[in-house]
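**Student:** A predicted structure for the sequence below; I have some questions about it.
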Amino acid sequence: MNRFLYYLLLSFISFAFVGNSYAKETKGELYPDKTISISKKTLKIAMFLPLAYDKIEELDFTKFNIEEKKRIKYRCFEYIAFYEGARIALEKLEAEGYAVSLYVYDVGEDDINQMKSLLSQPEIKTMDLIIPLVFQQSFALVSEFSNANKIPIINPMSPNYSIIENNPYTFKIQPSDIADVETTLRYIKNNFPNPNITLIFTSNEKNIVEMYQKGIEKEGWSWLGVDYNKYARRIFEKVDLSKDNIFISVVEKGSYKMNEAYANTILSQFNNKKNLPEINFIAQYSWLDFPSIDLSLIQKFNFHFTLSYLNDYTNANFVDFVKDYRHHFRQEPDKIYAALGYDIMMFFVPALAQKGDKFINEPNVERSKYMINSFFFDRKDAKDGWQNRRTVIYKINDYKIISVGR
């Protein structure tokens, strides 16, 4: 039996199959020594995932190719880890005294007609939370439904700010640029007593440059902004041997190949510069995926990046999660989906249960000691939804990725 069917049917979870949905209720009593104040006894959560359940019988594993398993032929493996991480969280939450009925619906990530049909089912209106892991058009349908029925909805993956506009019930997990800027500046403030910053950009990054400029000038740090398309040779103009020299690149060239070429070019500039003092270089995580990148230069120039989720084995909470994941599923968590599913449940179930009707206006609860990466939500306008402002800054140290701030 393949892994997907095995874990749906024989793992520690028991399912009831109804139409194209699966439902599991977890029940727990409030223990006498608990101080949890739960305003709603049992929560109902709907999870919309592209599981391709109807394609399972078509899978052929006689010539299994690990590189192909994430492609269309093996699409059912792509998002199951999100569910698996969520289920581990729900098991722990049950021990804390929370009760959740989880409904998992198999829906195509861009199948609008299927989504419309699903949303017409009466039980969807009874949900306390909806988590759709689907593409933009399908998500827009669910968002409209959630707004009309006053049901909180989570977008786990999109960084696009527009998804929270005009729907106060939307929660965006992936931080926007401002969160990355805030995390970077906070890290600099906490770790460098005398920062001297060179910000490298092009005209395409105007908004993020303004965010950095505002934050840097507020702190009173010395800095230089360089438009790389015009003044590439001037990036070392304000290097100061008496200060902590930090280079921040926000350049986005518009394509993978162009970004790879830029990354190699600027690292070569650093390497060829004579008498350059120690620097700390901050750029995009995607640089580590470029096959031509010189990792020795990444190491040499103290490469940093911000990212909301990463399988970080230096994070004690993630290591504990991995142990649970191995126990239940006999493998390592894949990508970020498992950790993301886990954290969403670990945050939202207690927040919804404890706050009840107050949740939508006061969603934040302190759950950092239970989560891999904690959330903190805010919003600019009461008519809009909430965005997570927490992200993590990582550093390459001894050719390893370590978290150094958040």
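**Tutor:** On my side now, so go ahead. Residues are numbered from 1 along each chain as shown.

**Student:** Where does pLDDT dip in this structure?
**Tutor:** Counting by pLDDT under 70, the chain contains low-confidence residues at 1-41, 52-77.

**Student:** do you know how far the nearest residue to F359 once chain neighbours are set aside is from I130?
**Tutor:** Distances taken as C-beta to C-beta, 6 or more residues apart in numbering place L352 nearest to F359, at 5.4 Å, with adjacent residues excluded. The C-beta positions use only the backbone N, C-alpha and C, and glycine is treated the same way. Note on L352: its distance to I130, by C-beta to C-beta, to the nearest Å, is 12 Å.

**Student:** Could you do T184 as well?
**Tutor:** Counting by C-beta to C-beta, the gap from T184 to I130 is 33 Å.

**Student:** One more: Q137?
**Tutor:** Q137 is 16 Å from I130, by C-beta to C-beta.

**Student:** When the two are compared, which one has more neighbours?
**Tutor:** Under the criterion of other C-beta atoms under 10 Å, the comparison of Q137 against I130 puts I130 first, with 24 against 12.

**Student:** ok, which stretches of the stretch 151-300 of the chain are helices?
**Tutor:** Here the stretch 151-300 of the chain has its helices, by DSSP state H, counting those that start in this stretch, at 177-191, 206-219, 228-231, 256-272, 295-300.

**Student:** okay, those helices in JSON lines with mean neighbour count and distance to F281 next?
**Tutor:** Formatted as JSON lines, these follow (neighbours: other C-beta atoms under 10 Å; distance: least, C-beta to C-beta, whole Å):
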{"stretch": "helix 177-191", "mean neighbour count": "19", "distance to F281": "12"}
{"stretch": "helix 206-219", "mean neighbour count": "15", "distance to F281": "15"}
{"stretch": "helix 228-231", "mean neighbour count": "14", "distance to F281": "14"}
{"stretch": "helix 256-272", "mean neighbour count": "15", "distance to F281": "7"}
{"stretch": "helix 295-300", "mean neighbour count": "15", "distance to F281": "8"}
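
**Student:** In contact with V250: list those residues for me.
**Tutor:** For V250, the contact set (C-beta atoms under 8 Å, 6 or more residues apart in numbering) comprises L199, I200, F201, E205, I208, V209, Y212.

**Student:** Closest to R87 out of those?
**Tutor:** In terms of C-beta to C-beta, no member of the contacts of V250 lies closer to R87 than I208, at 37.2 Å.

**Student:** I figured the closest one was touching T184, is that so?
**Tutor:** No. Counting by C-beta atoms under 8 Å, T184 is not a contact partner of I208; they are 10.6 Å apart.

**Student:** okay, now the domains of the chain?
**Tutor:** What automatic domain parsing lists as the domains of the chain is 3-174+313-391, 177-307.

**Student:** Quick one: the helices in the stretch 1-150 of the chain, in order.
**Tutor:** Ranges of helices in the stretch 1-150 of the chain, per DSSP H, counting those that start in this stretch, are 3-10, 80-96, 112-119, 136-149.

**Student:** scratch that, the stretch 301-406 of the chain is what I was asking about
**Tutor:** Going by DSSP H, counting those that start in this stretch, the stretch 301-406 of the chain shows helices at 316-329, 337-355.

**Student:** Just send these back as TSV, with distance to D381 and mean neighbour count too.
**Tutor:** Output for these, formatted as TSV (distance: least, C-beta to C-beta, whole Å; neighbours: other C-beta atoms under 10 Å):
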stretch	distance to D381	mean neighbour count
helix 316-329	33	16
helix 337-355	21	24
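
**Student:** ok so, going back, okay if I get the helices of the stretch 1-150 of the chain as JSON lines plus distance to I402?
**Tutor:** Converted to JSON lines, these look like this (distance: least, C-beta to C-beta, whole Å):
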{"stretch": "helix 3-10", "distance to I402": "31"}
{"stretch": "helix 80-96", "distance to I402": "22"}
{"stretch": "helix 112-119", "distance to I402": "41"}
{"stretch": "helix 136-149", "distance to I402": "34"}
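
**Student:** And the ones you listed: which comes nearest F290?
**Tutor:** Among the helices of the stretch 1-150 of the chain, the nearest to F290 by C-beta to C-beta is helix 80-96 (25.4 Å).

**Student:** Surely L199 and G225 touch.
**Tutor:** Yes. Counting by C-beta under 8 Å, G225 is a contact partner of L199 at 4.8 Å.

**Student:** any residues in contact with both of these two?
**Tutor:** V209, Q213.

**Student:** higher neighbour count, the two?
**Tutor:** Shown here are L199 and G225; by other C-beta under 10 Å, L199 has more neighbours (22 against 15).

**Student:** What number of neighbouring residues does the nearest residue to I200 once chain neighbours are set aside come out with?
**Tutor:** Leaving aside its sequence neighbours, I200 sits nearest to S249 (C-beta to C-beta, 6+ apart; 4.5 Å). S249 has 21 neighbours, counted by other C-beta under 10 Å.

**Student:** show me the residues around S249 that make contact.
**Tutor:** S249 makes contact with I200, F201, I266, F281, I282, A283, Q284, according to C-beta under 8 Å, 6+ apart.

**Student:** Provide a list of residues in contact with R326.
**Tutor:** E332.

**Student:** Roughly how far does it sit from Y79?
**Tutor:** 20 Å.

**Student:** Could you do S403 as well?
**Tutor:** Distance, S403 to Y79, using C-beta to C-beta: 25 Å.

**Student:** And these two? Which one has more around it.
**Tutor:** A count of neighbours by other C-beta under 10 Å puts Y79 above the other of S403 and Y79, at 20 against 16.

**Student:** In this structure that one contacts F48, no?
**Tutor:** No. Between Y79 and F48 there is no contact under C-beta under 8 Å: 10.0 Å.

**Student:** Common neighbours of those two, please.
**Tutor:** Counting by C-beta under 8 Å, 6+ apart, the residues touching both Y79 and F48 are L133.

**Student:** what's around V239, how many residues?
**Tutor:** 17.

**Student:** That one and Q354, how far apart?
**Tutor:** Per C-beta to C-beta, V239 is found 51 Å from Q354.
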